[in-house]
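# requesting a structural model of the entry that follows:
(one chain, ligands or ions: 1)
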Amino acid sequence: MSTISPEQFRAGAESADWAVVGDEAVATFKTGDFATGARFFAAVAIVAESANHHPDVEVRYSSVTVHLTTHSEGGLTDADAGVARRISDVAQALGIHAATPAR
Ligand SMILES: C[C@H](O)[C@H](O)[C@H]1CNC2=NC(N)=NC(=O)C2=N1
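Numbers count the residues shown, from 1 in each chain. Have a look, this model is predicted:
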């Protein structure tokens, strides 16, 4: 699997939640409290396991930040775009909004 451009990632992720920063895509979800963050992380983990593609996740009291990259390729791939789309879908289903990424 070869790496993709930021534009290709954004097209695949189909969501404005994500910013491309260097070799990774990052989104911060405003969960509001720790219990919601834990529930959201559990849903992210299910997505990651089913895709066999795992993000780095920071769970904080009122937000969860998700970092996606393909370690084996050293950059963004279609796997990252696909997992990003599914994570954004899960957030929407849980009523969780992303912070507007810095462009
Ligand atoms: C053996 C296993 O399939 C690989 O280690 C997978 C697991 N999850 C992964 N996740 C991410 N983000 N990058 C990878 O290269 C990767 N590789």
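
# pLDDT on stretch 13-23, on average?
For stretch 13-23, mean pLDDT is 96.

# buried sites along it?
A13, S15, D17, W18, A19, V20 (16 or more other C-beta atoms under 10 Å). Heads up, the C-betas are built off the backbone N, CA and C, glycines and all.

# filter the residues you listed down to just the ones in strands.
The members of these that map onto strands under DSSP state E are A19, V20.

# quick one, what contacts F34?
Neighbouring residues of F34 by C-beta atoms under 8 Å, 6 or more residues apart in numbering: V59, Y61, S62.

# could you redo the last one with a cut-off of 6 Å?
Neighbouring residues of F34 by C-beta atoms under 6 Å, 6 or more residues apart in numbering: Y61.

# from here on, call the first residue 804.
Renumbered: residue one is now 804, and that last one reads F837.

# how about the residues of this structure near the ligand?
N855, H856, H857, T872, T873, H874, S875 (C-beta under 6 Å from any ligand atom).
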